[in-house]
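Undergrad: Need coordinates for the below:
(chains A and B)
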Amino acid sequence: MLKRSFIGEIVSEKESLKGSRVTVCGWVHRIRDLGRVKFLVLRDRTGFIQATLKAGVTPEEALQAAEDLRLESVVCVSGLLSEAPTKEGVEIKVESLKVLSSPVEPLPLEPEGSEKAALPVRLKYRWLDIRNPKVSSVFEFEAFVARVFREYYTREGFVEIFTPKIVAAGTESGAEVFPVLYFDKTVYLAQSPQFYKQFAVIAGLERVFEIGPVFRAEPHHTARHLNEYHSLDIEVGFIEGYDDVMNYVEGFFRELAKRMEEDEVARKAMEAHGAEPPRIPASGIPRVTMREAYEILRERFHKVIPEGEDLDGEAEKMIAAYAHEEYDSDFIFVTEYPWKVRPFYTMRKSGEPEWTYSFDLLYRGLEVVTGGQREHRYNKLLENLKSKGLDPRSFQFYLDFFKHGAPPHGGAGMGLERIVMQSLGLSNIREARMLPRDTERVMP
RNA sequence: GCCGCGGUAGUAUAGCCUGGCUAGUAUGCGGGCCUGUCAAGCCCGUGACCCGGGUUCAAAUCCCGGCCGCGGCGCCA
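TA: Take a look at the predicted model:
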């Protein structure tokens, strides 16, 4: 490794480092050339620092090297850290400057202010876009969310699992999957770890979680869908009801909100995006049943959704507004979805089989989590399949899991990119993905 | 899949409605001046109307088709 210090560390320890020799490596962010004196602003992942060169003071070799610099050249600079009237309060008086590489053509996109460019341009030249600290902070934040997820569920006694992404059958009826040529067979990219996280619970791991990619072959054209995204999945056995699952989901979001207040990386990202940690009332995230939601929509918003139908996007925003106004909450659970709109493995409500033990969680008006209790009784599962008009033979491998003792269980799937999007107030989910895959885009 | 909106230098935009352009501005890029800048400044230069057809004396501008992009619905996280 090159001997260098992160700029952020130098700046935060500037008092003790003043007068000593430091080396930093990074990109040339700005060049301010006044003729006999030149100021370079260098950037690495951790921050900015000014490097100063003066004719007659700086060694000739370094002055020569600086002649060829352009924006986004990659350099290493050594010199004395000195007090200066810069934003950081210090600058490096250059003693040596080494150019590691320079752009071979004009920049198609300037990192500074790249977020003002059109999204397709940003995605085409994503390596330049992400050099913009505001943009890279999105991915540092994403890593933070995944870390909190992993730490929270690990602490709650969940085991991290790694399920196959190459599968023989889709998970849910009607959902589109990508076919893949697997030797001489056609198989599919997993559109959910659903079956395998249940497998792990039934296999005796009891409480499991997974962070992994899922693939959806839906040709949607919206600002909140990707054809490849990351699912934060949990599945837990020996539950008494789907409330237990919601409690685990709520626990995670409480932890996330709390750590967004404390964590340095998260705070930096939120500051860059003008975002605030989500509000969760002390009494808990409000929970309304679907039938209560219909009533709220009718009475407060004069919007009628027929009994047994799903909420549309507008209705979700209205329910979110209700949660905000009534409970000062950025989240709300909608529960007991109609059987009609839920997949076959969902447990139907006892005595009211047209409704289910399931829920969605809305975060600032967008669905970010779906979950519920699963049907663990073999015979009921068969009935469910038939009720959906599905052929049990196509799901026999899955049904077999339930033949030899399956505890009552449930779980949830959360969209990582959507959580990032809603937390930072991004306007397009593609911004929450380093290299998004959508209906047209598979490069870079 | 259906529907709607949009394509002007590398990037971001003005002009389009109401046809008259030698297509303006900022930034980048190339060159020059400048010893304390911090979005440095100043001067010179460079570079664009998505493609095809139509209307017209005249099309960036109006019409039609194509291509590309965007996002609303549906579906979902």
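Undergrad: quick one: A:Phe183 from A:Thr23, how far?
TA: 52 Å (Cβ to Cβ, to the nearest Å). In this view, the C-beta of every residue, glycine as well, is placed from N, C-alpha and C.
Undergrad: higher neighbour count, these two?
TA: Between A:Phe183 and A:Thr23, counted using other Cβ atoms under 10 Å, the more crowded position is A:Thr23 (17 against 5).
Undergrad: Report the separation between the more buried one and RNA strand B.
TA: In this view, A:Thr23 and RNA strand B are 19 Å apart by Cβ to the nearest atom of the strand, to the nearest Å.
Undergrad: Same check on A:Val420?
TA: 10 Å.
Undergrad: ok, now A:His404?
TA: In terms of Cβ to the nearest atom of the strand, A:His404 sits 27 Å off from RNA strand B.
Undergrad: And that residue, what's its pLDDT?
TA: The model reports A:His404 with a pLDDT of 95.
Undergrad: Tell me the residue of the stretch 151-300 of chain A that sits nearest RNA strand B?
TA: Closest to RNA strand B within the stretch 151-300 of chain A is A:His220: 3.0 Å, counting by Cβ to the nearest atom of the strand.
Undergrad: Now do the contacts for that residue.
TA: A:Thr439 (Cβ atoms under 8 Å, 6 or more residues apart in numbering).
Undergrad: 6 Å instead, please
TA: Listed by Cβ atoms under 6 Å, 6 or more residues apart in numbering, the contact set of A:His220 is empty.
Undergrad: how near is it to A:Val121?
TA: A:His220 is 22 Å from A:Val121, by Cβ to Cβ.
Undergrad: cool, A:Ser73 as well?
TA: In terms of Cβ to Cβ, A:Ser73 sits 22 Å off from A:Val121.
Undergrad: And those two? Which one has more around it.
TA: The residue with more neighbours, out of A:Ser73 and A:Val121, is A:Ser73; 20 against 14, by other Cβ under 10 Å.
Undergrad: pLDDT on stretch A:19-26, on average?
TA: 94.
Undergrad: who's in contact with that stretch?
TA: Residues contacting stretch A:19-26 (Cβ under 6 Å, 6+ apart): A:2, A:4-5, A:7, A:10, A:42-44, A:76-78, A:80-81.
Undergrad: how about a cut-off of 8 Å?
TA: By Cβ under 8 Å, 6+ apart, the list of residues contacting stretch A:19-26 reads A:2-7, A:10, A:42-44, A:49, A:51, A:74-82, A:92, A:95, A:100.
Undergrad: same check, this time on stretch A:407-415
TA: A:149, A:192-194, A:197-198, A:201-202, A:206, A:229-240, A:242, A:244-245, A:248-249, A:347, A:357, A:359, A:361, A:368-374, A:376.
Undergrad: Any residue of that stretch touching RNA strand B?
TA: Yes: against RNA strand B, stretch A:407-415 shows contacts by Cβ under 7 Å from any atom of the strand at A:Gly413, A:Met414, A:Gly415.
Undergrad: now that stretch: how far from the chain's centre is it?
TA: Taking the mean of its C-alpha atoms, stretch A:407-415 sits 19 Å from the chain's own mean (Cα atoms, centre = their mean, to the nearest Å).
Undergrad: what's the answer for stretch A:49-57, then?
TA: With Cα atoms, centre = their mean, you get 41 Å for stretch A:49-57.
Undergrad: average model confidence for the helix or strand harbouring A:Val334?
TA: Here A:Val334, judged by DSSP states H and E, is contained in strand A:331-335. Strand A:331-335 carries an average pLDDT of 96.
Undergrad: Residues in contact with it: which ones?
TA: By Cβ under 8 Å, 6+ apart, the residues outside strand A:331-335 that reach it are A:242, A:246, A:250, A:253, A:278, A:280, A:285-290, A:293, A:311, A:319-320, A:322-323, A:358-363.
Undergrad: tally of neighbours for A:Leu399?
TA: Residues near A:Leu399, counting by other Cβ under 10 Å: 15.
Undergrad: could you say which helix or strand contains it?
TA: Per DSSP H and E: helix A:396-400 holds A:Leu399.
Undergrad: Sheet partners, orientation included, of the helix or strand that that helix is followed by?
TA: Heading C-terminal from helix A:396-400, the first helix or strand you meet, by DSSP H and E, is strand A:409-415. In the sheet, strand A:409-415 lines up against strand A:228-237 (antiparallel), strand A:366-373 (antiparallel) (DSSP bridges).
Undergrad: need those in a markdown table with mean pLDDT and distance to RNA strand B, can you?
TA: Converted to a markdown table, the strands paired with strand A:409-415 look like this (pLDDT from 0 to 100; distance: least, Cβ to the nearest atom of the strand, whole Å):
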| stretch | mean pLDDT | distance to RNA strand B |
| --- | --- | --- |
| strand A:228-237 | 96 | 4 |
| strand A:366-373 | 94 | 4 |
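Undergrad: Compile those into JSON lines and extend it with columns for mean neighbour count and distance to A:Phe301.
TA: Formatted as JSON lines, these follow (neighbours: other Cβ atoms under 10 Å; distance: least, Cβ to Cβ, whole Å):
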{"stretch": "strand A:228-237", "mean neighbour count": "23", "distance to A:Phe301": "30"}
{"stretch": "strand A:366-373", "mean neighbour count": "22", "distance to A:Phe301": "18"}
